[in-house]
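*Asks:* one predicted model, sequence on top.
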Amino acid sequence: KDPAFAHRVVNVLFMVCNLDTVTQQTFPASVDNVTTLLVRDLSTPKLELKHEVEEVTKFLCEKNVLQVIPAKGSLPETFQFYTEDEIEVATAIKGVIVDSGSMADELKNVILKVLGNPPPKVPYHTGKFTVGVDILGRSYLSRNAAINVSFLVDSNGESLDQVRLNNSDNSLCFFLADKWNADDQFRHAFNWFCQVQVYLRNTPASSEVRSLTNKRFGEKAAELLAAKIEPAIRNLLESCPVLSGQGELELSVVKPVDRYKAAMDLHLAHLYSHASEVGTYPTEAAPLAAKIKRPMAEGEYSEINPLSSAETSVENFLKTKADDVAVTDVVDRFAKVPYGWNEFCTLYVLNELVRRGLRDFSYHGSANVLPSVVADKLPKDAAHFAIRKKSAINEAVIKAFVDGWKHIFGPVSLSSAATSTPLELAAKTKTTLE
């Protein structure tokens, strides 16, 4: 608007930028110092003058004549003239088009760093669940994950309430869009950072001078990342709304690492509401085998010890299926929402249903599997097991057998509750004879 004034600003900037290093520590090329040197007399409106200086420096930066040096320590944001080679590189960088994939990659690096690099799996009660991260339509950490964490910076114009209505149950959504779109200066800085990264990846240096220039731009981008971008992202994550399914979470913590953990815990509790039902059950092969082998105590499965909530859930599921159900199908079902059970916990529940006399195992298609075989094979070879409704021996047959036994060998007790399959009856008979 005023070429003469712009020329004065350039002259002052050139003078200050060429001061020796020691002097620049106390009088750097900042907007305030340039404004001070341009004051003609006490009647000069300094605030208005400062605004005009800012307009000129902004124009010079856009034209790749001037570069901004971020504030550091006690030094304010300052300016420095580009060299001829730097002007060429700055112009090339300005022309770089950053696609959404490249921007998502850079944003992912910053967000995960601010969050303390969360792991791709999270534990909850007996289960471990894969976590996938979605940023600008790109997926990270785990694919086809049980838990989807979305960092939404582009809501396509949708409000928080609209996003909430469309948010899937397994999605934990950090809604950054409103504050992201409100800060033009930050978005401009982040876009320039991304442009530099794309340029440096795709444009090899043609000379030693250009290599040094590229290095300086890389260092400048790193300084911008540390001084402006990471703090801005941290601020967004400290205060943004967080959705779990269609509900907004109430989080009492502020630090991004703590907020992420608290939000994940609440989200897991929302999804896997039945996870605690198997909290005391074995979660590894050896403890499961020991539980299967344990002797059956008198009255262990009497009316005063009814089915647990976990056993009831599995039994109700099995009632909806055909006679034979693959054990792995049962394990897969109860690993999902709303259960989230560890594989060995589900196997334990199935064995408890067998011990109660409600179900039978088959192994490689053969029925009447002895408990010793179940204990040995089920923890490591569940894929070849199926479970079916119990085939009980007719009570008349059991009575006739017991009566015949008493007649030949004397009194004996063979409970039909504990001995209700032909194989079990034969095994107990063999044990008694020995």
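*Replies:* That came through, no problem.

*Asks:* show me the strands in the chain, by range?
*Replies:* For the chain, applying DSSP state E gives strands covering 66-69, 78-81, 121-124, 127-135, 138-140, 147-152, 171-175, 242-244, 247-248, 324-326, 359-363, 385-389.

*Asks:* list the buried ones in the fourth one?
*Replies:* Of all the residues in strand 127-135, those buried under the rule 16 or more other CB atoms under 10 Å are 127, 129-135. From N, CA and C alone the C-beta is placed, and that goes for glycine too.

*Asks:* just the CA trace of that strand, in PDB.
*Replies:* What follows is strand 127-135, C-alpha atoms only, in PDB (Å, rounded to 0.1, in the frame of the first residue of the first chain):
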ATOM      1  CA  GLY A 127      -8.500 -59.500  27.300                       C
ATOM      2  CA  LYS A 128      -6.100 -57.500  25.100                       C
ATOM      3  CA  PHE A 129      -7.600 -55.400  22.300                       C
ATOM      4  CA  THR A 130      -6.000 -54.100  19.200                       C
ATOM      5  CA  VAL A 131      -6.100 -50.300  18.700                       C
ATOM      6  CA  GLY A 132      -6.300 -48.600  15.300                       C
ATOM      7  CA  VAL A 133      -5.800 -44.900  14.800                       C
ATOM      8  CA  ASP A 134      -7.600 -42.900  12.100                       C
ATOM      9  CA  ILE A 135      -6.400 -39.500  11.000                       C
END
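
*Asks:* can you list the strands that that strand pairs with?
*Replies:* strand 121-124 (antiparallel), strand 138-140 (antiparallel), strand 147-152 (parallel) (DSSP bridges).

*Asks:* nearest to residue 292, of those strands?
*Replies:* Among the strands paired with strand 127-135, strand 121-124 comes nearest to residue 292, with 24.9 Å by CB to CB.

*Asks:* what stretches of this structure score poorly on pLDDT?
*Replies:* Residues of the chain meeting the criterion pLDDT under 70: 392-398, 401-402, 405, 407, 409-434.

*Asks:* ok, now with 80
*Replies:* Along the chain, segments meeting pLDDT under 80 span 1, 322, 391-434.

*Asks:* centroid residue for this structure?
*Replies:* residue 131 (3.9 Å; CA atoms, centre = their mean).

*Asks:* ranges for the helices of the stretch 1-150 of the chain?
*Replies:* Remark: helices assigned in the stretch 1-150 of the chain by DSSP state H, counting those that start in this stretch are 3-17, 21-26, 31-38, 46-62, 84-94, 100-114.

*Asks:* neighbours of the nearest residue to residue 205 once chain neighbours are set aside, how many?
*Replies:* Leaving aside its chain neighbours, residue 205 sits nearest to residue 211 (3.8 Å; criterion: CB to CB, 6 or more residues apart in numbering). Per other CB atoms under 10 Å, the neighbour tally for residue 211 reads 12.

*Asks:* check residue 374 too.
*Replies:* 22.

*Asks:* phi, psi of the closest residue to residue 33 other than its chain neighbours?
*Replies:* Leaving aside its chain neighbours, residue 33 sits nearest to residue 27 (5.8 Å; criterion: CB to CB, 6+ apart). Per-residue torsions, residue 27: phi -140, psi 70 (degrees, to the nearest 10).

*Asks:* ok, residue 27 touching residue 34?
*Replies:* No - assessed by CB atoms under 8 Å, residue 27 is found out of contact with residue 34, at 10.4 Å.

*Asks:* list residues touching both of the two?
*Replies:* Common neighbours of residue 27 and residue 34, using CB atoms under 8 Å, 6 or more residues apart in numbering, are residue 16.

*Asks:* compare the two (neighbour count), which wins?
*Replies:* Set residue 27 next to residue 34 and count neighbours by other CB under 10 Å: residue 34 wins out with 24 against 13.

*Asks:* nearest to residue 196, out of the helices of the stretch 1-150 of the chain?
*Replies:* Judging the helices of the stretch 1-150 of the chain by CB to CB, what sits closest to residue 196 is helix 84-94, at 5.7 Å.

*Asks:* so which bits of that closest one are buried?
*Replies:* Applying a neighbour-count criterion of 16+ other CB under 10 Å, one finds 86-87, 89-90, 93 buried in helix 84-94.

*Asks:* what does stretch 182-193 give?
*Replies:* Buried residues in stretch 182-193, counted by 16+ other CB under 10 Å: 186, 189-190, 192-193.

*Asks:* likewise stretch 23-36?
*Replies:* For stretch 23-36, using 16+ other CB under 10 Å, the buried residues are 24, 28-31, 33-35.

*Asks:* ok, now stretch 13-21?
*Replies:* 13, 16.

*Asks:* got it, and stretch 119-129?
*Replies:* In terms of neighbour count (16+ other CB under 10 Å), stretch 119-129 has its buried residues at 122, 124-127, 129.

*Asks:* for residue 152, state which of these is nearest.
*Replies:* Of those, the one sitting nearest to residue 152 (CB to CB) turns out to be residue 122, at 20.2 Å.

*Asks:* OK, contacts around the residue nearest to residue 352 when sequence neighbours are not counted?
*Replies:* Leaving aside its sequence neighbours, residue 352 sits nearest to residue 311 (CB to CB, 6+ apart; 5.7 Å). Applying CB under 8 Å, 6+ apart, one finds that residue 311 lies in contact with 349, 352-353, 356.

*Asks:* and the contacts of stretch 262-275?
*Replies:* Under CB under 8 Å, 6+ apart, the answer for stretch 262-275 is 118, 122, 124-127, 129, 131, 147, 149, 169-170, 172, 174, 242, 244-245, 247, 249, 251-253, 309-310, 313, 337-341.

*Asks:* do stretch 94-105 as well
*Replies:* Stretch 94-105 is contacted by residues 64, 135-138, 190-191, 194-195, 197-199 when judged by CB under 8 Å, 6+ apart.

*Asks:* please apply the same query to stretch 173-187.
*Replies:* By CB under 8 Å, 6+ apart, stretch 173-187 touches 149-155, 160, 163, 167, 228-229, 232, 236-237, 239-244, 263.
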